[in-house]
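Asker: Next come a sequence and a model predicted from it.
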Amino acid sequence: MRKVPLHRGKLWLGVVMVIVVALLGSFACTTTPTTTPTPTVSPIGDVEVLGTWGGEELASFNAMVEPWQHDTGGIVYFTGTRDLNAILKTRIEAGTPPDIAILPNPGLMQTLANEGDLIPLNNFLDMTTINQDYAKGWVDLGTVSGNLYAIFMKASSKGTIWYNPKTFTANNWTTPQTWDEMIALSDQIVAAKATPAYPWSIAVESGAASGWPGADWIDQILLSKYGPDVSDQWVNHQIPWTDPRVKDAFQMFGQVALTQGYVPGGATAILATNFQDGTYLPYETPPKAAMDYLGDFAAGFISTQFPSLVAGADYNFYPFPVISSAYQNAVTGGADLVVAFKDTPAVRSLVTYLSTAGAQAIWVKRGGFTSVNNKVPLSDYPNIVTQNAAKQLSSAAIFRFSQDDAMPAPVENAFWAGVLNYLQNPDQLDSILQNIESVAVANY
């Protein structure tokens, strides 16, 4: 595990890290920028931030913290890993936790807070400002036993299905409003044997976290069909994994992922393709698929890979289709949480900075970022697509965190593994669900 400063990076270090990544496959670090900013005050100190970001996301984080580094003289060292849960556990047990971590789910934050590993942020944040800048629901989600332990910095809607509007227009396709309409469109695309010949791009490879994009499908399906109460019961293990409604959500995902002719390469390609690469298929020349389901952060992947595409005209999303009219506009989503393990002046300063609209607007303007700080103007979003994603997140009639992210880490990992197993062995679904249930029984 190496800590890499976000500036003062050297070319030889970048080469070494590329080799390490290639060999280990479970770790990634990046250094930017290459110049050392001149501080306006005496250096405040160094801060290590542990997270999962890499590629474009890490580049945007680097850009966001650069003003803080310049103004304070502090240095942010970002430690990247694909196996954040395991790394955190090991380092906490060894007494060497990072200063700050960017967690991908509130369940992990609650566990760490209850175990006494986190410092309360309300000890130094101006809570009047926090309560003005963040809706009560977001503050409540970051609160455990009366103390604020997390700032929800970067959020995402996962009710978004991506498509190429020009491809749809050329083929006289209309975006479906319901699940049945979506399946009918998929069948129409397969039967037409036009371009693209496949209705779907699905990709679930994500290193040690492989499987989560399929879990997101199942999360959204269950919420859209059975509603928030059943969703909450599932998260809290008040219904078992063998419940018919959970099984139905898996099978509805399989209706798309496993239907012959729906996905180029079938299950084998789904398992082998990285989730980011999967977003590219509808926009290649010629397009290889018509649609891709992924969170609104996919906009950043698409616009980076295809910089000439125009948002709204060349790439767009339609809302996840209605399954049950009682739960129309139900949206799952995610968020990255800022938590602190150490109480130092540099940590206090950086956490305070990251909570502000000014800091978050830097990433908002770069794309691939939805802020829940209500002081970030809608006009700061770079285009109509990102504006609509932000609107969808803020106006959803029903919103739930992706259910897997709200479950205990061992159960979440078993869920992801279960998705991979189901794609390979769909006829063994009952056994797969029973295996996840056994993990749940041991961890709730």
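Answerer: That came in fine, so what should we check first?
Asker: Pull up the gap between the residue positioned nearest the centre of the chain and Ser431, please.
Answerer: Per CA atoms, centre = their mean, the C-alpha nearest to the average position across the chain is that of Gly334, at 5.6 Å. Summarising the geometry, the distance separating Gly334 from Ser431, computed by CB to CB, to the nearest Å, is 29 Å. Yep, even glycine has a C-beta here, placed from its N, CA and C like the rest.
Asker: Repeat that for Gly45.
Answerer: Relative to Ser431, Gly45 is positioned 52 Å away (CB to CB).
Asker: Likewise for Pro196?
Answerer: The gap separating Pro196 from Ser431 is 35 Å, by CB to CB.
Asker: ok, these two, which is more surrounded?
Answerer: Pro196 (22 against 11; other CB atoms under 10 Å).
Asker: Not counting its neighbours along the chain, what's nearest the more buried one?
Answerer: Distances taken as CB to CB, 6 or more residues apart in numbering put Pro287 closest to Pro196, at 4.4 Å, once the chain neighbours are dropped.
Asker: Please identify the helix or strand for the one you found.
Answerer: Assignment of secondary structure by DSSP states H and E places Pro287 within no helix or strand.
Asker: Could you check the pLDDT of it?
Answerer: pLDDT, Pro287: 98.
Asker: Torsion angles phi and psi at it?
Answerer: The phi/psi pair for Pro287 (degrees, to the nearest 10) reads phi -60, psi 140.
Asker: Now do the same contact list for it.
Answerer: Residues near Pro287 by CB atoms under 8 Å, 6 or more residues apart in numbering: Asn164, Thr167, Thr195, Pro196, Leu281.
Asker: how about those residues in JSON lines, adding pLDDT, secondary structure and distance to Thr242?
Answerer: Rendered in JSON lines, the data for the contacts of Pro287 read as follows (pLDDT from 0 to 100; DSSP: H, G, I helix; E, B strand; the rest coil; distance: CB to CB, whole Å):
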{"residue": "Asn164", "pLDDT": "98", "secondary structure": "coil", "distance to Thr242": "39"}
{"residue": "Thr167", "pLDDT": "97", "secondary structure": "helix", "distance to Thr242": "40"}
{"residue": "Thr195", "pLDDT": "95", "secondary structure": "coil", "distance to Thr242": "42"}
{"residue": "Pro196", "pLDDT": "97", "secondary structure": "coil", "distance to Thr242": "37"}
{"residue": "Leu281", "pLDDT": "98", "secondary structure": "helix", "distance to Thr242": "35"}
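Asker: of those, closest to Ile119?
Answerer: Relative to Ile119, the closest of the contacts of Pro287 is Leu281; by CB to CB it sits at 44.0 Å.
Asker: Render the CA-only coordinates of stretch 307-325 in PDB, please.
Answerer: What follows is stretch 307-325, C-alpha atoms only, in PDB (Å, rounded to 0.1, in the frame of the first residue of the first chain):
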ATOM      1  CA  PRO A 307     -15.600  14.100 -26.300                       C
ATOM      2  CA  SER A 308     -17.300  15.100 -29.600                       C
ATOM      3  CA  LEU A 309     -20.700  13.800 -28.500                       C
ATOM      4  CA  VAL A 310     -23.300  16.500 -27.500                       C
ATOM      5  CA  ALA A 311     -25.200  15.900 -24.300                       C
ATOM      6  CA  GLY A 312     -28.900  15.400 -25.000                       C
ATOM      7  CA  ALA A 313     -28.500  15.100 -28.700                       C
ATOM      8  CA  ASP A 314     -25.900  12.200 -28.900                       C
ATOM      9  CA  TYR A 315     -26.300  10.700 -25.500                       C
ATOM     10  CA  ASN A 316     -29.100  10.800 -23.000                       C
ATOM     11  CA  PHE A 317     -30.900   8.700 -20.400                       C
ATOM     12  CA  TYR A 318     -34.500   7.800 -19.800                       C
ATOM     13  CA  PRO A 319     -35.900   7.000 -16.300                       C
ATOM     14  CA  PHE A 320     -35.900   3.400 -15.200                       C
ATOM     15  CA  PRO A 321     -39.300   2.100 -16.500                       C
ATOM     16  CA  VAL A 322     -42.300   1.800 -14.300                       C
ATOM     17  CA  ILE A 323     -43.000  -1.700 -13.100                       C
ATOM     18  CA  SER A 324     -45.800  -1.000 -10.600                       C
ATOM     19  CA  SER A 325     -47.800   2.200 -11.000                       C
END
